[in-house]
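Participant: how would this look folded up:
(one chain, ligands or ions: 2)
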Amino acid sequence: MTASLDILSITVYNDQEKRIEPFYLYSFRLSRLVTEMPVIRALTKAAKQALLTPGCRCRTAVTAVRTISVSPRQVTSDASFHSVSFSETDHPKVLITGGLGQLGVGLAKILRKRFGNNNVILSDIRKPPSHVFHSGPFIYSDILDYKNLREIVVNNRITWLVHYSAVLSAVGEANVQLAREVNITGLHNILDIAAEHGLRLFVPSTIGAFGPTSPRDPTPDLCVQRPRTIYGVSKVHAELMGEYYHHRYGLDFRCLRYPGIISADSQPGGGTTDYAVAIFHDASKNGKFECNLKPGTRLPMMYIDDCLRATLEVMEAPTEQLRMRTYNINAMSFSPEELAAEVKKQIPDFQITYNIDHIRQAIADSWPMNFDDGNARNDWGWKHDYDLPELVTTMLNFIGSDSRLAHAN
Ligand SMILES: NC(=O)c1ccc[n+]([C@@H]2O[C@H](COP(=O)([O-])OP(=O)(O)OC[C@H]3O[C@@H](n4cnc5c(N)ncnc54)[C@H](O)[C@@H]3O)[C@@H](O)[C@H]2O)c1
Ligand SMILES: C[C@@H](O)[C@H](N)C(=O)O
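Facilitator: Ligands and ions are numbered 1, 2, ... in the order given. Next up, the predicted model:
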C-alpha cells in the first residue's frame, strides 16, 4: 500500500477575480480518502477563514499542485526505517547538484572511487570544463526546475542526493533575490524530490547559520541562530526543513555545518572565507597578498579533504549513530595574521596588507570564532587530519607544483 503526500495550493481571488498569491498546504492521503481526510478539511477551512475577512468578497480555489508518493515506511517516526532506500549490497547511485563549485568535483572524485565512476553523477547549470566532462557522468540540472530534477532522479535510479547548489554569503548579500530563489525555493524542490523517491539527502549548512547573538567562542550545535545574511537565513531554513521532513515524513536527511573550506585546485564561489584560499595563490605567485578582512578576524576553517571525507562518513553512518540530523564539524580556527605568519615560515619574504571589505567584515564579525564539534566526534567518530601547519604546507606544495608544471609546459 502506498500513501501520497499532496501539496495543495490554496489560491485566493479578490472581487475583481484578480489572483492573490497562493499558499501551500501539505497533507497525506490514502487512496480515495483524500478529500475526506479530516486534516485536509480542517486545514482548508482554517485557511479559508484566515483569508476571508468580513469586508472582503474573495473566493478561494484549492488544487493539488504536486503529489508526492511515499511508502508508509517513510511516514513512520521510527528512525530504524529511515536510512535504507537501496539494497545494502548495492552501491548508492548518487546525484550531486551544484557540482561545478568549489566542492562538487572533489566530492565526485572520492565518491566515484568508492562506488564506481558511473554511480556518481555531477550536475550543474554551468558548462563543465573538459577534464570534468571527461572524468565521469555529467548532466545539466537546474534545481529550480522540479520536473527536470524528478526526471533525472527517476531515469538514473538515484538513491543518494548531495545538494551543493547554493549562492554563498557575499554574493547572496549582493543579490538577495537570487539567493532566496536558489537557496530556499531550490531547497524545497530538493526536499520534495528526496521525500517522494525515498532518497538519502545531504544538505550542507555552514558557520554562517549563526549570527551575532549566538555564542561565538565556541559555538555549540544547539544555540540561538539569528544570522544576518540571506545565506545564513536560508541555511537555518534548510536545517529546520530537513529535520522537519525527517521527523514528519521519515526523510533520511543528513546535514553538516561546514567551516570555511580551503582547496587548492578549485576556486571558492563568493564567500566571506575566500581570502583563506586566495592568500595561497597570491603568496605563491607574487609573494604578497591584500586581505579583505581585518588581521584579527578569527573563523573556523577546514582543508577540503577533511570536509569531503566527513561528508562521505556522515552519509555512510548507521542511522542509530546519528543522535542529531545536523552537526557542526571543525578542524581549526585562525585569523588572517595567524595564517600569514604560518605562510611566512615557508615564504620568508611574504607580505600581507589589509584593505577591508566592510560587507564581508560585518559578516565575519557575526560568525563563530570557534566551532564546537564534540557531538560529531562522539556520535559518528568525526576526526580531522589537517591542522594549520599541515594545511599551509599542503596548499603551498600543491599550488607550487601546479605553477611549476604550468611553467614547464
Ligand atoms: N565552500 C565553503 O567554504 C562552504 C562552507 C560551508 C558550506 N558550504 C556549502 O557547500 C555547498 C557547496 O559549496 P561550494 O563552495 O561548492 O559552492 P559554489 O558557490 O562554489 O558552487 C555552487 C554551485 O551551485 C550552482 N548553482 C547555482 N544556481 C543553481 C541552480 N539554479 N541549479 C543548479 N545549480 C546551481 C553554481 O553554478 C555553482 O557551481 C553549498 O551549499 C555551500 O553553502 C560551502
Ligand atoms: C563559510 C561558507 O559558508 C562560505 N565559504 C562563505 O564564506 O560564504
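
Participant: So for the single nearest residue of the stretch 251-400 of the chain relative to ligand 2, what's the nearest residue that isn't a sequence neighbour?
Facilitator: In the stretch 251-400 of the chain, the residue that lies nearest ligand 2 is residue 271 (2.4 Å; C-beta to the nearest ligand atom). All C-beta atoms are positioned from the backbone trio N, CA, C, and that covers glycine. Distances taken as C-beta to C-beta, 6 or more residues apart in numbering put residue 168 closest to residue 271, at 4.1 Å, once the chain neighbours are dropped.

Participant: wait, isn't that neighbour in contact with residue 269?
Facilitator: Yes. Using C-beta atoms under 8 Å, residue 168 is in contact with residue 269, at 5.2 Å.

Participant: Tell me which residues touch the closest residue to residue 306 other than its chain neighbours, please.
Facilitator: Spatial nearest neighbour of residue 306, excluding adjacent residues (C-beta to C-beta, 6+ apart): residue 384 at 4.7 Å. For residue 384, the contact set (C-beta atoms under 8 Å, 6 or more residues apart in numbering) comprises 302, 306, 329-332.

Participant: For stretch 303-315, give me every contacting residue.
Facilitator: For stretch 303-315, the surrounding residues in contact (C-beta under 8 Å, 6+ apart) are 102-103, 106-107, 110-111, 114, 160, 162, 200, 202, 204, 254, 256, 258, 261-263, 266, 322, 327, 329, 331, 376, 380-382, 384-386, 390-391, 394-395.

Participant: Name only those of these that count as buried.
Facilitator: Listed as buried from these are 102-103, 106-107, 111, 160, 162, 200, 202, 204, 254, 256, 258, 261-263, 266, 322, 327, 329, 331, 376, 380, 382, 384, 386, 391, 394-395; burial here means 16 or more other C-beta atoms under 10 Å.

Participant: Tell me how far the closest residue to residue 304 other than its chain neighbours lies from ligand 1.
Facilitator: Distance criterion C-beta to C-beta, 6+ apart; nearest residue to residue 304, sequence neighbours excluded, is residue 263 at 3.9 Å. Separation of residue 263 from ligand 1 (C-beta to the nearest ligand atom, to the nearest Å): 8 Å.

Participant: picking that back up, which one of residue 168 and residue 269 has more residues nearby?
Facilitator: With neighbours defined as other C-beta atoms under 10 Å, residue 168 and residue 269 compare such that residue 168 has more, 22 against 18.

Participant: Now that one: phi and psi?
Facilitator: phi -80, psi -180 (degrees, to the nearest 10).

Participant: How about the one 5 residues further on?
Facilitator: In terms of degrees, to the nearest 10, the main-chain angles of residue 173 are phi -70, psi -30.

Participant: State the pLDDT value of it.
Facilitator: Confidence at residue 173, expressed as pLDDT, is 97.

Participant: Give the burial count for it, as a bare number.
Facilitator: Residue 173: 20 neighbours (other C-beta under 10 Å).

Participant: residues in contact with it?
Facilitator: Per C-beta under 8 Å, 6+ apart, neighbours of residue 173: 229-231, 359, 363.

Participant: Can I get the buried ones among those as something I can paste into ChimeraX?
Facilitator: In ChimeraX, this line selects whichever of those come out buried by 16+ other C-beta under 10 Å:
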select :229,230,231,363
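
Participant: Skipping its backbone neighbours, what lies nearest residue 382 in space?
Facilitator: residue 376 is the one closest to residue 382 (C-beta to C-beta, 6+ apart), at 3.8 Å.

Participant: Check whether that neighbour sits in a helix, strand or coil.
Facilitator: Classification of residue 376 by DSSP: H, G, I helix; E, B strand; the rest coil places it in helix.

Participant: can you redo the contacts of residue 384 as a markdown table with distance to residue 243?
Facilitator: Formatted as a markdown table, the contacts of residue 384 follow (distance: C-beta to C-beta, whole Å):
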| residue | distance to residue 243 |
| --- | --- |
| 302 | 23 |
| 306 | 24 |
| 329 | 17 |
| 330 | 21 |
| 331 | 25 |
| 332 | 28 |
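
Participant: These: which two are farthest apart?
Facilitator: The distance between the two most remote of these (C-beta to C-beta) is 11.7 Å, for 329 and 332.

Participant: which neighbours do these two share?
Facilitator: With C-beta under 8 Å, 6+ apart, residue 329 and residue 332 have common neighbours 302, 384.

Participant: Residues contacting stretch 263-279, please?
Facilitator: Contact with stretch 263-279 is made by 101-103, 105-106, 167-171, 208, 259-262, 280, 289, 291-293, 299, 301, 303-304, 336, 339-340, 343, 352, 360, 363-364, 367, 394-395, 398-399, 402, as judged by C-beta under 8 Å, 6+ apart.

Participant: and it, how far apart are its ends?
Facilitator: Stretch 263-279 has an end-to-end distance of 11 Å (C-alpha to C-alpha, to the nearest Å).

Participant: Now find how far off-centre it is within its chain.
Facilitator: 17 Å (C-alpha atoms, centre = their mean, to the nearest Å).

Participant: Would you mark the buried spots in that stretch?
Facilitator: 263-264, 266, 268-277, 279.

Participant: Show me the domain layout of this protein.
Facilitator: 3-70, 80-408 (automatic domain parsing).

Participant: So which of the ones you listed is the most surrounded?
Facilitator: domain 80-408 (a mean of 19; mean count of other C-beta atoms under 10 Å).

Participant: hang on, the earlier thing: considering only the contacts of stretch 263-279, which also neighbour ligand 2?
Facilitator: By C-beta under 6 Å from any ligand atom, the members of these lying near ligand 2 are 168-169, 208, 260.

Participant: what about the helices in the stretch 151-300 of the chain?
Facilitator: Taking DSSP state H, counting those that start in this stretch, the helices of the stretch 151-300 of the chain run over residues 169-174, 176-180, 186-196, 230-249, 275-286.

Participant: To residue 219, which of those lies closest?
Facilitator: Of all those, helix 230-249 comes closest under C-beta to C-beta, at 12.5 Å.
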